[in-house]
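Student: Quick one: sequence and predicted model below, then my questions.
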Amino acid sequence: MSDLGPLDLTAQPLPPLSVLWQDDHLVVVHKPAGWLVHRTGLDAHECRIVLQVLRDQLGRHVYPVHRLDKGTSGVLLMALSPEVARALSDQFEHRQAHKRYVAMVRGWPPERWRVEHPLRPDDAPPQVPLQDAQTDFMTLARWSLPVPVDRYPTTRVALVLAEPHTGRRHQIRRHLKHVAHPIIGDANHGKGAHNRWWAQHLGMQRLWLHAASLSLVHPVSHQLMRWHSPASDGQLNADWNALLARGDWQWLAGHSAASLQSI
């Protein structure tokens, strides 16, 4: 008798990933929230793996050059050969890749600010040296509701643009926690009461962090490339689009939901 258990006849095939751009050397996809970039023992039962699905979708090997957390959606770059992967990884290592993220955070941060707060790798012992880490932030919009949550008399959130200048793991999430404006839906670095309230209010639960754009120099053509997955795109980012549509957002000067297309 087989010890594999009964077959799950209700399992549905995974949808194909949305390809934002592709040539003979690299491919850029939109990673949905909830997908892993590659398999990990910490989440061994997850079957939504970008690396495997994209390999089967394209019919060829793909090579990751950077990563997005499972809960983060947005622009993800893969190489189509080991040589191109090394060249792209070198740009990330030398801070030549420019990344922009959009996040919904608790509270109302200032209009512009920078966090320079060194970080050590997650779960590293105290003797491991701190690594420098810098992120620039800009507030795009604010939203306030007259509902008390936790110890606060009202509930306030903001949309912020984040530009990390270093690539430490969970850097944006940890930097926002450091300044007391954690990302809504961040189970590790956020506030549970706020996460639960907003999940119920919005009717969806996710980490509200999105990789909106990525730019770097093409390792073969040497052209400056820039790829977008706008948070306001109703096809790629239905959850973000719904959030922007239902919120009574107060946009700061020069910003609007339409302006997210160019971030």
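Tutor: It's in.

Student: Surely V53 is in a strand?
Tutor: No: counting by DSSP: H, G, I helix; E, B strand; the rest coil, one finds V53 to be helix, located in no strand.

Student: ok, now which ones touch it?
Tutor: Going by CB atoms under 8 Å, 6 or more residues apart in numbering, V53 touches L14, P16, L17. In this view, the C-beta of every residue, glycine as well, is placed from N, C-alpha and C.

Student: pretty sure W198 contacts I184?
Tutor: Yes: W198 is in contact with I184 according to CB atoms under 8 Å; the separation is 5.0 Å.

Student: intersection of neighbour lists for those two?
Tutor: Common neighbours of W198 and I184 (CB under 8 Å, 6+ apart) are V157.

Student: picking up where we left off before, quick check on the contacts of V53: which are buried?
Tutor: In the contacts of V53, burial by neighbour count holds for L17, counting by 16 or more other CB atoms under 10 Å.

Student: Tell me how many other residues surround the residue lying closest to H178 once chain neighbours are set aside.
Tutor: For H178, ignoring the flanking residues on the chain, the nearest one in space by CB to CB, 6 or more residues apart in numbering is H117 at 5.0 Å. A count of nearby residues for H117, using other CB atoms under 10 Å, gives 17.

Student: Give me the pLDDT value at H117.
Tutor: pLDDT for H117: 96.

Student: how far away is it from S232?
Tutor: 30 Å (CB to CB, to the nearest Å).

Student: go on, A245?
Tutor: Counting by CB to CB, the gap from A245 to S232 is 9 Å.

Student: Give me the more crowded residue out of these two.
Tutor: S232 (20 against 11).

Student: for the stretch 151-263 of the chain, what spans make up the strands?
Tutor: Shown for the stretch 151-263 of the chain, the strands assigned by DSSP state E, counting those that start in this stretch span residues 155-164, 209-217, 224-228, 250-251.

Student: number of nearby residues for D136?
Tutor: For D136, using other CB under 10 Å, the count is 15.

Student: Would you indicate which residues of stretch 124-141 are buried?
Tutor: A133, Q134, T135, F137, M138, T139, L140, A141.
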